[in-house]
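K.L.:
quick one, fold the following:
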Amino acid sequence: MARSKGDEFRVKPVLDGTVALVTGASSGIGAATAIALAGQGAAVALAARRLDRLEAVAASIKDQGGTTLVLECDVTDEQQAAGAVQRTVAELGRLDTLINNAGVMLLGPVEGAPLPEWQQMVQLNVLGLLYCAHAALPHLLRAAADGPRQVADMVNISSVAGRAVRNGNGVYSLTKYGVGAFSESLRQEVTKRYVRVSLVEPGATATELAGHNRPEVLQAIRNQFGQRMQAEDIADAITYIVTRPRHVAVNEMLIRPTEQER
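P.N.:
The predicted structure is shown next:
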């Protein structure tokens, strides 16, 4: 739909009048996605632990005329995850789009692995995502029934590791395979009610994700991967998914750098 002003015509942003919540929004794919969705007209709630980084992303959105809400929270805490959803609805008025992006990738051999690394991945990649999905689903169903676009979206960020297991990524792959299984089951449950559940599986991407690994693992990662995508490349794919017309659902998207073989 176009808006006219004199002889000027402007295309109405696709997500005008909608609200999105992005987890892990303080950097990387989350920050890039929040900015991209705001550019499409959505009011965007930004959730993550690093308040200073969230405020910087929010300032960027506001500088472009967008509406945003900063939510300092740890989604591995059930109450904080639910609270982020509740505040989004209370302060921005609704919830049409959830981007479950928060995650951590801690690689290395199973033998001798530090158990806290496994626990951290399960808590964030699986439980954090589930807490947000559980809290958001009633609002997404409501948005699909009475929202401006008559459709709502949940986009769960997985990884190429959710399709292809490698030596050294066993538990990380376990969590991402789980995200894929949950996403497909939920998709079947709610798709006829026009809540679209989509799975995005990025390959090598230049973000802070790998930086949390132990030094010896980090060096192996650097040797393993060459060409990398940018966070904005994945944000562009997510934006494509959530801006499709009501009758089109992109269920799954695997994205690799052109040079990445596996």
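K.L.:
from now on I want contacts and neighbour counts done on CA atoms only, so please keep to that.
P.N.:
Noted.
K.L.:
low-confidence ranges, the chain, go.
P.N.:
Along the chain, segments meeting pLDDT under 70 span 1-11, 207-226.
K.L.:
show me where it has its helices.
P.N.:
28-39, 51-63, 78-92, 115-121, 129-146, 170-190, 215-224, 231-242 (DSSP state H).
K.L.:
and these, which is most packed in?
P.N.:
helix 28-39 (a mean of 25; mean count of other Cα atoms under 10 Å).
K.L.:
what bridges to residue 72?
P.N.:
residue 48 (DSSP bridges).
K.L.:
wait, it touches residue 49, no?
P.N.:
Yes. Using Cα atoms under 8 Å, residue 72 is in contact with residue 49, at 5.2 Å.
K.L.:
can you list the strands that the top strand by length along the chain pairs with?
P.N.:
Assignment by DSSP state E gives strand 195-202 as the longest strand of the chain. Taking DSSP bridges as the criterion, strand 195-202 forms sheet pairs with strand 152-157 (parallel), strand 252-255 (parallel).
K.L.:
for these, which one sits closest to residue 170?
P.N.:
strand 152-157 (17.8 Å; Cα to Cα).
K.L.:
okay, that closest one in PDB with CA atoms only?
P.N.:
Listed next in PDB are the C-alpha coordinates belonging to strand 152-157 (Å, rounded to 0.1, in the frame of the first residue of the first chain):
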ATOM      1  CA  ALA A 152       2.200 -13.700  13.600                       C
ATOM      2  CA  ASP A 153       5.700 -15.100  13.500                       C
ATOM      3  CA  MET A 154       8.100 -17.000  15.700                       C
ATOM      4  CA  VAL A 155      11.600 -17.300  14.200                       C
ATOM      5  CA  ASN A 156      13.900 -19.700  16.100                       C
ATOM      6  CA  ILE A 157      17.600 -19.300  15.300                       C
END
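K.L.:
that strand to helix 28-39, inter-axis angle?
P.N.:
160 degrees (axes from the mean of the first three to the mean of the last three Cα atoms, to 10 degrees).
K.L.:
tell me how far strand 152-157 lies from the chain's centre.
P.N.:
Centroid separation for strand 152-157 versus its chain: 7 Å, with Cα atoms, centre = their mean, to the nearest Å.
K.L.:
please begin residue numbering at 361 from this point
P.N.:
Okay, residue one is now 361; in that scheme the one you just asked about reads as strand 512-517.
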